[in-house]
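A.B. asks: Provided below for reference: sequence and predicted model.
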Amino acid sequence: MWRTRRRAAALAQALVILCLPFLEVGGESALRFDIPGLKLHIFGAVLWIDQFQVVLFGTVFALLLAVGATVILGRIWCGWACPQTVIPELCAWIASCLPPRWEAAGRRLLLLPLTALVSVSLLWYFLPPADAVTALFRSRTVLSFFLVQWAVIFAMLAFAGPAFCRTVCPYSMLQNALFDRDTLTIEFDRGRKAECLRCDLCVLVCPVAIDIKKGLQRECIACTECIDACRLMTGPRGIRPFIGYRGRIARGKALLVSLITAAAGIAFLAGWSLQSPVAFTVQWTGKAPGTTANVYRYSLRNNRREPLELSLGMEGEAVLSGEGRIRLAPYSRASGQVTVRKGGDSGGPVTFVVSGPGVLLRRGAGFP
């Protein structure tokens, strides 16, 4: 039965989402966005939010991946991965252990603890799990965020439910523009329409209240309930189900979309892996009061997993006043201000030099 497969997929997805923040690589969560540091930890590596070209390639890759999956596999997200589908499926699975008269109420009650768990698990992707739990009792901001998020998720699932999928879901609307005649979809075999048992069980079990016998409709979320219902009626009679998956995965369009997506993924990984081990920028901020010296603000970022001891100095006759030794922890940044004096002609550029083990960077700046 497809329901068994979907429940297995939902359980696997839930375990991955809940356990991933507890997995540590290099002393950091395997996947976490550090808001104060504006960096994303990904399995021991770090993506800084100001790495424009890398973030751009990553965004393009994610969009192409979503488009490609839809073009090839149809509504795979809606039926197998969307929380709007997966969480109620888990509730129904657990509630099926209750007596039939309590099953409907049990599904609604189970939504409360499950949506609370979803809400707190989302916090774990921004704060380490232990810190997130502690912050719930110490920080009004974190507690308020948790409660509002919990209320919104619960309301979406308990009251909106499938109505959201068939009315205002933007991804559902987008899919119609991406489908072609070979996209994998759930369809009724119209060539066998005369043989249909007319039981209408497929309509009764549909969560979005459509009749699959009338053809593919935008409201369909590919939950496969109609396939299982049809099989229940046709199986005992030795008849092949009238409803099933239709489509062709191996085709030219699928290959083209896959190649474009792979190219974007390679560009993303290449941009990430080829980034400089140390990023260094310097900017003039103004004249030092009462002198001819200039004040500059520098920023250093360590893209390595090891700490760095760096020296900040000048080339030529320019003299730097300020912190010349800088220590950078792994995947961290430092910034500060220095004053630069220049003998002779006060105009012209100056050159800053950052040096350290395996590091030698030069940056020019004006000297107004």
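C.D. replies: Noted; the coordinates are in hand. Numbers count the residues shown, from 1 in each chain.
A.B. asks: show me what the longest helix anywhere in the chain is packed up against.
C.D. replies: In the chain, with assignment by DSSP state H, the single longest helix is helix 100-123. In terms of contacts (3 or more CB pairs under 8 Å, 6 or more residues apart in numbering; DSSP states H and E), helix 100-123 is packed against helix 2-19, helix 83-95, helix 129-138, helix 140-155. Bear in mind the C-beta positions are built from the backbone N, C-alpha and C, glycine included.
A.B. asks: now with 7 Å, please.
C.D. replies: helix 83-95, helix 140-155 (3 or more CB pairs under 7 Å, 6 or more residues apart in numbering; DSSP states H and E).
A.B. asks: just the buried residues of it, please?
C.D. replies: 106-107, 110-111, 114-116, 118-123 (16 or more other CB atoms under 10 Å).
A.B. asks: same question, stretch 300-320
C.D. replies: 300-304, 308, 310, 312, 314, 318, 320.
A.B. asks: mind picking the two most distant members of the residues you listed?
C.D. replies: Farthest-apart pair in these is Arg304 and Ala318; separation 28.4 Å (CB to CB).
A.B. asks: domain parsing of the chain, as residue ranges.
C.D. replies: Under automatic domain parsing, the residue ranges defining each domain of the chain are 2-246, 278-366.
A.B. asks: dump those into CSV; add distance to Gly252 and mean pLDDT as well.
C.D. replies: Output for the domains of the chain, formatted as CSV (distance: least, CB to CB, whole Å; pLDDT from 0 to 100):
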stretch, distance to Gly252, mean pLDDT
domain 2-246, 10, 90
domain 278-366, 40, 87
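A.B. asks: thinking again about what came up before, alpha carbons of the longest helix of the chain, in CSV - could you do that?
C.D. replies: The C-alpha trace of helix 100-123 is given here as CSV (Å, rounded to 0.1, in the frame of the first residue of the first chain):
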residue,chain,number,x,y,z
PRO,A,100,-12.4,4.2,16.2
ARG,A,101,-14.7,6.6,18.1
TRP,A,102,-11.7,8.4,19.6
GLU,A,103,-9.6,8.4,16.4
ALA,A,104,-10.8,11.8,15.0
ALA,A,105,-10.4,13.6,18.3
GLY,A,106,-7.1,11.9,18.9
ARG,A,107,-5.7,13.2,15.6
ARG,A,108,-6.5,16.8,16.6
LEU,A,109,-5.1,16.4,20.1
LEU,A,110,-1.9,14.9,18.8
LEU,A,111,-1.3,18.0,16.7
LEU,A,112,-0.6,20.0,19.9
PRO,A,113,2.5,18.1,21.0
LEU,A,114,3.7,17.4,17.5
THR,A,115,3.5,21.1,16.4
ALA,A,116,5.2,22.1,19.6
LEU,A,117,8.0,19.8,18.7
VAL,A,118,8.2,21.2,15.2
SER,A,119,8.3,24.7,16.6
VAL,A,120,11.1,24.0,19.0
SER,A,121,13.0,22.0,16.4
LEU,A,122,13.0,25.0,14.1
LEU,A,123,14.7,27.0,16.9
